[in-house]
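1. Sequence plus the predicted model coming up.
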Amino acid sequence: MSRLIRMAVPLIGVMENYTRVNLRTDLVAGFTVGVMLLPQAMAYAQLALLPPVYGLYSSVLPSILYATFSQSHTMNLGTIALCGLLTADIISDIVDDPEVEQQASIEIALCVAFLTGVILFLMALLRLGESVQRYLSPALVGGFHTGAAIHVMVSQFSHLLGVTAPTEIHGEFSIMRKLWYYGNEMVDANGATAVIAISAMLIIYACKKITAGRIVFGRGRCGISIASADEAQRLRFPIPAELIVVIIFNSLTYMASLDTNYGVKVVGEQDASILEFGNLNWGLMLQLISERYMEIITIAIITFSLTLSDAKTYADECDRPFNGNREMTALSIANLISPFSGSYVAGAGISRSAIAFGIDQTDSLTQVYSIISAIIVLIAIPFIHAISELPQAVLAAVVLMALHGMVIKQGRKCIGFWKFGRKDDFITWLVTLLVTVLVDLDWGLLIGLLMTIHSVFLRLNQSKLTTLGKVQGTQFFDDVTRGLVEFPGVKIFRLNSPLFFGSKDRFYAEVCREIDSHAITRSVEDDLLHSGKRTASAAVPYHTLVIDASAMIFLDTAGAQQLATLSKWLERNHNARLLVACGNANFVDVFKRVDFGSGNWHGAAVLFPTVHEAVLFGASQGLMHQGMMQPRAVPKVASMPNFQEDAVRSTGWALLFERRRDTGAATQYTPLLNPGHNAVGNPSFDASGRCSAEPVMTGVTTFEDGSWKTNL
């Protein structure tokens, strides 16, 4: 029972092994994140068209619940900009004037948070956490988040300019209409508000550069210098820039009466209750389910995609366990319970988690730091009335500076997609961004998801063939474009993609086209082989085609049947045989269901464990077919074992191994054959997958009991 409790509540296991080192790291990280969280949470609440105190409510109970049920030691749950923006869209659709009808806006936000928790909980029950996350590609997530961040930035223009927000503008193409509206309102902009916003952004930017070590004091002519990225030494503890600008401009507005003298809009008086517990409006919730279910699903997807992707990144960085369904369960519990305490949608804050991760120098950070940061916020809530003179432009500046770094980072990722040749990811990122910005958030997510699915389908549908050559002196084969030479008479293709019903036709056409381009008449081939004269311009025909399927991750019956069709085409048109090199024993079951036909000298297609064995067998059969190598008898040598390896070398051909078999009267040399082949080289498998033909030699690989085995 105790084991089940520890599995359900990971925090218990953390506390059992808690040390002073953990406490010291958690105190520093918790205090730092808590201080930064105060202005950021209020700014994001303003973004969601809610009173700033509700941003603080959303940073207390969600953080504690997530730390209790989550395995992630770095993630800090609280307000996030993207979900705040989507919540604001729902509120502005239902409420005519959110600033006047604040109670209605609060009820809508709390119901949206609860329904988001319900969706996340259902997804966790169905164990869809990692499954859904797998199909949200970095290009999709990056393009959508960048586009959504631009929406958030544009939504803050009303606070930056001191003009009325266009709450009636929402839906498709809203960002273009908002920009047009703000352009017309520029003549009525409040100059003092704009100066405050710009000054606040400059102070935050300078503090972040000082924290990053890019601005250094005590150097240069003026005592200040700019350090390069290589010279920069990051400060151990970040400067609380957001808290600094809140204190400065709140005090300045109070002393200079900027609100009355210059018309600067301030946040006003706030409720000082510690937490506001209450019931939800269930009638309103039913209305949201029937009318706004798509927006709520979008919020749920954004919330868990942000949280899970960052949690997995930090878990991999620190080599700690990660369970996507556990994280989704913890996230759903936080959003199910927290709305009763006045919290709207809560998710992982990227900047907050990054700060905590940067402080953790000894890998001693635990979930306790999130609880400490929640306590810091809880202590600050009763004193929120002290910021009644804070300009709204300062909170807008906090939002913009929190998002501009993400936009720059994602832009660099997009450029990286192009530089590294991932053009499909680049197109997905760009299209998702453009649709999200120019049309709407819902359409951007949908189009981005369709682009990702289309990209995956194209990758699966494309047959990626690579021509292989032999690395001299080894048994390895690699791309001929790397200076390697093809094996004479044997064409080797590596298939680097699945072979199934969607890709089989393209694969077949590409192989046939390649083989036909090198085909010459049989009489010319015989002359070339027997004369030994082979020039660079002469196209040597291939008597054997080897398909290296070691990189093929999936094969269905339709794909195997296409290989059989290819085998018969080679036999009929080029008197050649098909060999398949693949060590995956599971593919044998698929091949057994397919009739590969037979030929005059090469028989059925054969499955080999390695390319090397397939090439040796194909080359030896080709030589025997051309009369260049025949079994021969030699005197028996008593001092040699019954089975011994020898070699014969033919002009222009690689080394071919033979094995000597004691027949009693003489010793016969036989070409080295594939496992389980009879004297003519034909394989035979019984119903269980066992190779039933008796091997003609020992020391070879056979397929038995579902795996390759060597008979010594």
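-> Sure, I can see it. Numbers count the residues shown, from 1 in each chain.
2. Please make it C-alpha for all contacts and neighbour counts, starting now.
-> Noted.
3. Without its sequence neighbours, what residue ends up closest to residue 612?
-> Leaving aside its sequence neighbours, residue 612 sits nearest to residue 475 (CA to CA, 6 or more residues apart in numbering; 5.9 Å).
4. does the one you found count as helix, strand or coil?
-> Under DSSP: H, G, I helix; E, B strand; the rest coil, residue 475 falls in the coil class.
5. Quick one: neighbours of it, just the number.
-> 11 (other CA atoms under 10 Å).
6. From residue 615, how far off is it?
-> Using CA to CA, to the nearest Å, residue 475 is found at 10 Å from residue 615.
7. likewise residue 371?
-> Going from residue 371 to residue 615 by CA to CA gives 64 Å.
8. now residue 422
-> Per CA to CA, residue 422 is found 34 Å from residue 615.
9. With residue 407 instead?
-> Taking CA to CA, one finds residue 407 at 53 Å from residue 615.
10. neighbour count winner among these two?
-> Each of residue 407 and residue 615 has its neighbours counted (other CA under 10 Å); residue 615 has more, 27 against 19.
11. now the helix or strand where that one lies: mean pLDDT?
-> Assigned by DSSP states H and E, residue 615 falls within helix 611-625. Averaging the model's pLDDT scores along helix 611-625 yields 71.
12. And stretch 364-382, by the same measure?
-> On average, stretch 364-382 scores 88.
13. Give the buried residues for it.
-> Of all the residues in stretch 364-382, those buried under the rule 16 or more other CA atoms under 10 Å are 364-378, 380-382.
14. Over to residue 78: give its phi and psi.
-> Main-chain torsions, residue 78, degrees, to the nearest 10: phi 180, psi -150.
15. what number of residues lie near it?
-> Look at residue 78: counted by other CA under 10 Å, it has 31 neighbours.
16. can you give me the strands for the stretch 251-400 of the chain?
-> For the stretch 251-400 of the chain, the strands defined by DSSP state E, counting those that start in this stretch occupy 347-348.
17. Going along the chain, name the helices of it.
-> For the stretch 251-400 of the chain, the helices defined by DSSP state H, counting those that start in this stretch cover 258-261, 282-291, 293-317, 324-337, 350-359, 368-380, 392-419.
18. Figure out which of those is closest to residue 42.
-> In terms of CA to CA, the element of the helices of the stretch 251-400 of the chain nearest to residue 42 is helix 392-419, at 7.2 Å.
19. Taking helix 350-359 as reference, get the angle to the closest one.
-> Put simply, helix 392-419 runs at 70 degrees to helix 350-359, going by axes from the mean of the first three to the mean of the last three CA atoms, to 10 degrees.
20. Now tell me what touches whichever helix or strand comes after helix 392-419 from outside.
-> The helix or strand immediately downstream of helix 392-419 is helix 423-438, counting by DSSP H and E. With contact meaning CA atoms under 8 Å, 6 or more residues apart in numbering, helix 423-438 is reached by 139-140, 142-144, 146-148, 150-151, 172-176, 414-415, 417-418, 441-445, 447-448, 451-452, 455.
21. 7 Å instead, please
-> Contacts to helix 423-438, defined as CA atoms under 7 Å, 6 or more residues apart in numbering, come from residues 139-140, 142-144, 146-148, 151, 173, 175-176, 414, 417-418, 443-444, 447-448, 451-452, 455.
22. In stretch 162-179, which residues are buried?
-> 162-163, 165, 167, 169-170, 172-175, 178.
23. actually stretch 345-363, not the one I typed
-> If you call a residue buried by 16+ other CA under 10 Å, then stretch 345-363 has these buried ones: 345-357, 359-360.
24. got the CA positions of that stretch in PDB?
-> Only the C-alpha atoms of stretch 345-363 are listed here, as PDB (Å, rounded to 0.1, in the frame of the first residue of the first chain):
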ATOM      1  CA  VAL A 345      -5.900  27.900 -16.600                       C
ATOM      2  CA  ALA A 346      -2.500  27.000 -15.200                       C
ATOM      3  CA  GLY A 347       0.500  25.600 -17.100                       C
ATOM      4  CA  ALA A 348       4.200  25.400 -17.000                       C
ATOM      5  CA  GLY A 349       6.100  28.700 -17.200                       C
ATOM      6  CA  ILE A 350       9.100  28.400 -19.500                       C
ATOM      7  CA  SER A 351      11.000  31.300 -18.100                       C
ATOM      8  CA  ARG A 352      10.300  30.400 -14.500                       C
ATOM      9  CA  SER A 353      11.400  26.800 -15.000                       C
ATOM     10  CA  ALA A 354      14.500  28.000 -16.900                       C
ATOM     11  CA  ILE A 355      15.500  30.200 -13.900                       C
ATOM     12  CA  ALA A 356      15.200  27.400 -11.500                       C
ATOM     13  CA  PHE A 357      17.100  25.000 -13.700                       C
ATOM     14  CA  GLY A 358      19.900  27.600 -14.000                       C
ATOM     15  CA  ILE A 359      20.200  28.000 -10.200                       C
ATOM     16  CA  ASP A 360      20.500  24.200  -9.800                       C
ATOM     17  CA  GLN A 361      24.300  23.800 -10.100                       C
ATOM     18  CA  THR A 362      24.500  20.600  -8.000                       C
ATOM     19  CA  ASP A 363      21.500  18.600  -9.400                       C
END
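25. Might you calculate how far it sits from the centre of the chain?
-> 20 Å (CA atoms, centre = their mean, to the nearest Å).
26. next one: stretch 336-355
-> Using CA atoms, centre = their mean, the offset of stretch 336-355 from its chain centre is 23 Å.
27. What of stretch 425-433?
-> Using CA atoms, centre = their mean, the offset of stretch 425-433 from its chain centre is 15 Å.
28. Please apply the same query to stretch 168-185.
-> For stretch 168-185, the distance to the chain centre is 34 Å (CA atoms, centre = their mean).
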